[in-house]
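1. Got a predicted structure here, sequence first:
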Amino acid sequence: MSKEKVMSPAFRVAFPSVFRPKEFNGKKKYQVCMLFDKGEDLSVLKKLVKSCAEEKWGKMPKPFHSPFRDGDEEKDLEKYPSFTNTIFVTASTNDSPDFPPPQVIDQKRQPIIDESEFYAGCYARTILSVFAWEFQGKKGVSFNLGNVQKVKDGKRLGGRVDASDEFEELPSDDDFDSNDEFGDDDI
């Protein structure tokens, strides 16, 4: 594992589990999927990946499992439209005494206490490091998730509609007629 750390460019958050670990492939992990617009300058991250691979294997192995994935090619865009025209990268860290959970802060560097403030669709940046791996004949480099900073709000992902868009405004209790359908006469 490389000890070098870098700050990611700002990204749109998808599938966050930064407050509580979730189980992935039998291991509990903190994780976030970073959505970068295609054309975003990811050269600092790519340089870190290349350096880690060359340190481990002497050169970039072929084939190589890249952490940079094309949303248009690898995601069902009908199900996940937010992946359109993106490069997505997953960063995670194990839930263990050796790996403390990421700290999540706001724009003013204050801890985010209300977990609903950090959600799929907001924008963030994170501290990343990399590690090289080999598994079942495959070689690749992945990102470790460090501390996270929310940089701004965004439209929530996940298909949930805002409640105010689904319900009409109702009159207050004082405006109800006791003989209307919400009255007490039938009880």
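-> Okay, I see it. Note that the structure is predicted; figures quoted are calculated from it, not measured.

2. Any stretches of this structure with poor pLDDT?
-> In the prediction, the chain carries residues with pLDDT under 70 at positions 1-2, 159-162, 174-187.

3. Tell me, how many residues neighbour Val130?
-> Using other CB atoms under 10 Å, Val130 is surrounded by 23 other residues. Any C-beta I mention is one placed from the backbone N, CA and C, and that applies to glycine too.

4. Use 33 as the first number for this chain going forward.
-> Sounds good: first residue 33 from here, last item Val162.

5. Could you grab the helix/strand/coil label for it?
-> Following DSSP: H, G, I helix; E, B strand; the rest coil, we place Val162 in the strand state.

6. Next up, the contacts around it.
-> Met33, Ser34, Glu36, Leu80, Val81, Cys84, Pro99, Val173, Ser174, Phe175, Asn176 (CB atoms under 8 Å, 6 or more residues apart in numbering).

7. May I have the beta-bridge partners of it?
-> Counting by DSSP bridges, Val162 is bridged to Phe175.

8. So which residues of the protein form strands?
-> Applying DSSP state E to the chain gives strands spanning 38-39, 43-56, 59-69, 101-102, 118-126, 136-137, 155-167, 170-184.

9. Minimum distance to Ser75: which of these has it?
-> strand 38-39 (10.7 Å; CB to CB).

10. chain center to the closest one: distance?
-> Between the centre of strand 38-39 and the centre of its chain there are 16 Å (CA atoms, centre = their mean, to the nearest Å).

11. ditto for stretch 84-101
-> Distance of stretch 84-101 from the chain centroid (CA atoms, centre = their mean) equals 23 Å.

12. For burial, what's the neighbour tally of Ser169?
-> One thing to correct before we go on: residue 169 is Gly, not Ser. 6.

13. do the one 10 residues further on as well
-> Using other CB under 10 Å, Asn179 has 16 other residues around it.

14. what sits against it?
-> By CB under 8 Å, 6+ apart, Asn179 lies in contact with Pro134, Gln135, Val136, Ile137, Thr158, Ile159.
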